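J.: Predicted model follows, preceded by the sequence.
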Amino acid sequence: MKQFFLTLLITSCIACNQQQSDKTQALQSKIDSLQSQLNDSYKPGFGEFMSSIQVHHAKLWFAGINQNWELAGFEINEIKESLDDIKKYCTDRPETQSVHMIDEPLENITNAIQKKNETDLKSNYTILTNTCNNCHQETQHAFNVITIPATPPFTNQVFKLKDEK
């Protein structure tokens, strides 16, 4: 009788172990499949983020010189969000280590926007633009020179608000 129960116990353990192994293999297969899908998913590159920042940089200028402070605040936040995304999604790029140099100029412009001070915005915008170019030089992208824009990047957007009464 002891022999029967011992045999039954051993058989049960082996069966449970086999079921656990099958479950583990099935889970690992799902993990591998999900990792493959993740690896193949679209991830914006550093250049896409920088192009977005360049557009928001230009729009920030026209919003600021037209004293459209709400739009200027929106644009500065879009730049900050793009920089945060670079830090999150482009960790493999050495340039990512240099984007912090733009933090202080962005905060100075944010303060100018909050004060609705066009003079401060213009001077800090110049500093921001120069900082962008300094970063480009530091990261071997000196061929990419940013300037204060002369014309709006889009012809289908109004930057100057109508006078409110």
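T.: All right, it came through fine.

J.: in this protein, which spans are helices?
T.: Under the criterion DSSP state H, helices of the chain are mapped to 2-40, 46-65, 69-89, 103-115, 118-138.

J.: Run the angle between the second one and helix 103-115 for me.
T.: Using axes from the mean of the first three to the mean of the last three C-alpha atoms, to 10 degrees, the inter-axis angle of helix 46-65 relative to helix 103-115 is 30 degrees.

J.: circling back: now mean neighbour count, distance to residue 162 and mean pLDDT too, for the helices of the chain, in CSV please.
T.: For every residue, glycine as well, the C-beta is placed using N, CA and C. Formatted as CSV, the helices of the chain follow (neighbours: other C-beta atoms under 10 Å; distance: least, C-beta to C-beta, whole Å; pLDDT from 0 to 100):
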stretch, mean neighbour count, distance to residue 162, mean pLDDT
helix 2-40, 10, 48, 71
helix 46-65, 20, 15, 97
helix 69-89, 18, 13, 97
helix 103-115, 17, 20, 98
helix 118-138, 17, 18, 97
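
J.: export the ones you listed to a markdown table and tack on distance to residue 155?
T.: Formatted as a markdown table, the helices of the chain follow (distance: least, C-beta to C-beta, whole Å):
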| stretch | distance to residue 155 |
| --- | --- |
| helix 2-40 | 38 |
| helix 46-65 | 12 |
| helix 69-89 | 16 |
| helix 103-115 | 24 |
| helix 118-138 | 22 |
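
J.: Looking at those, which is nearest to residue 154?
T.: Taking C-beta to C-beta, helix 46-65 is the member of these nearest to residue 154, at 7.7 Å.

J.: Can I get the closest one as CSV, trimmed to CA atoms?
T.: Extracted C-alpha coordinates of helix 46-65, given in CSV (Å, rounded to 0.1, in the frame of the first residue of the first chain):
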residue,chain,number,x,y,z
PHE,A,46,16.5,62.2,-33.1
GLY,A,47,16.1,64.1,-36.3
GLU,A,48,12.3,63.9,-36.2
PHE,A,49,12.3,65.4,-32.7
MET,A,50,14.7,68.1,-33.7
SER,A,51,12.6,69.0,-36.8
SER,A,52,9.6,69.4,-34.5
ILE,A,53,11.6,71.6,-32.1
GLN,A,54,12.7,73.8,-35.0
VAL,A,55,9.1,74.3,-36.1
HIS,A,56,8.0,75.2,-32.5
HIS,A,57,11.1,77.4,-32.2
ALA,A,58,10.0,79.5,-35.2
LYS,A,59,6.3,79.6,-34.1
LEU,A,60,7.5,80.7,-30.6
TRP,A,61,9.2,83.7,-32.1
PHE,A,62,6.2,84.9,-34.1
ALA,A,63,3.8,84.3,-31.2
GLY,A,64,6.2,86.3,-28.9
ILE,A,65,6.8,89.3,-31.2
